[in-house]
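Colleague: Just the structure for this:
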Amino acid sequence: MAALFISDLHLAEARPQIARLYFDFLDRTVKGRAEDLYILGDLFEYWIGDEDLDMTFNRDAAAALRVVADAGTHVWLMHGNRDFLLGSRFCEAAGATLLQDTLLLDVYGTPTLLMHGDTLCTDDHAYQEFRRTVRDPQWQRSFLALPVETRRQQAQAVRSVSEAGKQIKSEKIMDVNSSAVDKAFRNHAYPRLIHGHTHRPAHHRLQVDGRTCERWVLQDWYLDGGYLQCDSTGCQVFSLKLT
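Modeller: Model (predicted):
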């Protein structure tokens, strides 16, 4: 048995190949085989509230997780920067438990810090200001009070602005800040760190205050997919290819 970690799938009806890869991964790799599945944010391209479950595609994505949960795998879910409005209705439909971002836990004997990863990108000041706004409970209550179609239009507009902004931002600004990474290790007793968000999959070994640490960056699911598997022997990356 092992724990599996994924993030940044950005599931959307407009990307059917990735959706098929997701369903196949749950059925062939996770169900009945993994002890835990951790989804560290951005399972969906966007989420305007749990009314999104009324859409067949989203309902099917949740139901596939419920099948995995009913087969004995613990499904854990963390908000990302695209799907931070996933709520209790979705978690119930998916058989998932919502996790706080950031979370320290024991993974087969190794202290492991889990994050979506966007809070580490402190050089992107515009994004951090946006994040503070949309994570404010009062803002979320006001947004969720809007008609569903209005919310959907606003979410799509924000996506367009975000994609345009990426074209003019430097690669360095959109990556993690090394001081923020060091601080995360110091604040949580120098554990292993696993996160997504940056779309720069890698395994980093680094020294923080004379201690050897490791940072795993999860793969996004755009051209293909992948996951990190951790057990008592350590962690290993596995790729998932479109067929």
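Colleague: Report the central residue of this structure.
Modeller: For the chain, the residue nearest the mean C-alpha position is G41 (1.8 Å; C-alpha atoms, centre = their mean).
Colleague: Distance of L43 relative to D8?
Modeller: Using C-beta to C-beta, to the nearest Å, L43 is found at 9 Å from D8. Every C-beta, even on glycine, is put in place using the N, C-alpha and C of the backbone.
Colleague: ok, those two, which is more surrounded?
Modeller: Counting neighbours by other C-beta atoms under 10 Å for L43 and for D8 shows that L43 has the greater number, 29 against 25.
Colleague: Does that one touch W76 like I think?
Modeller: No: between L43 and W76 there is no contact under C-beta atoms under 8 Å: 11.5 Å.
Colleague: hey, what's in contact with both of L43 and D8?
Modeller: Common neighbours of L43 and D8 (criterion: C-beta atoms under 8 Å, 6 or more residues apart in numbering): G80.
Colleague: so what's T73 up against?
Modeller: V30, K31, G32, R33, A34, E35, D36, L37.
Colleague: how about 6 Å then?
Modeller: V30, A34, L37 (C-beta atoms under 6 Å, 6 or more residues apart in numbering).
Colleague: List the contacts of the nearest residue to H203 once chain neighbours are set aside.
Modeller: Nearest residue to H203 in three dimensions, chain neighbours excluded: W216, at 5.6 Å (C-beta to C-beta, 6 or more residues apart in numbering). Residues near W216 by C-beta under 6 Å, 6+ apart: I194, H203, L228.
Colleague: now do 8 Å
Modeller: W216 touches F5, R192, L193, I194, H195, A202, H203, H204, L228, C235, V237, counting by C-beta under 8 Å, 6+ apart.
Colleague: Buried residues in stretch 184-193, which are they?
Modeller: A184, F185, H188, Y190, P191, R192, L193 (16 or more other C-beta atoms under 10 Å).
Colleague: List of residues touching it?
Modeller: By C-beta under 8 Å, 6+ apart, the list of residues contacting stretch 184-193 reads 102, 104, 107, 110-113, 115, 120, 181, 208-209, 211, 213-216, 235.
Colleague: do stretch 129-140 as well
Modeller: For stretch 129-140, using C-beta under 8 Å, 6+ apart, the contacting residues are N81, F84, L85, D118, T119, F143.
Colleague: rerun that using 7 Å as the cut-off
Modeller: Contacts to stretch 129-140, defined as C-beta atoms under 7 Å, 6 or more residues apart in numbering, come from residues N81, F84, L85, D118.
Colleague: residues of the worst-scoring helix or strand of the chain on mean pLDDT that come out buried?
Modeller: Ranking every helix and strand in the chain by mean pLDDT, DSSP states H and E puts helix 171-174 at the bottom, with a mean of 76. Within helix 171-174, the residues that count as buried by 16+ other C-beta under 10 Å are I173, M174.
Colleague: Around the nearest residue to R66 once chain neighbours are set aside, how many other residues sit close by?
Modeller: Ranked by C-beta to C-beta, 6+ apart and with sequence neighbours excluded, the top spatial neighbour of R66 is G95, at 4.3 Å. The number of residues packed around G95, counting by other C-beta under 10 Å, is 18.
Colleague: quick one: G95 from L218, how far?
Modeller: 22 Å.
Colleague: try V161
Modeller: 25 Å.
Colleague: pLDDT at the most far-flung residue of the chain relative to its centre, what is it?
Modeller: Centroid-distance maximum for the chain: G210 at 29.8 Å, with C-alpha atoms, centre = their mean. In this model, G210 is scored at 94, pLDDT.
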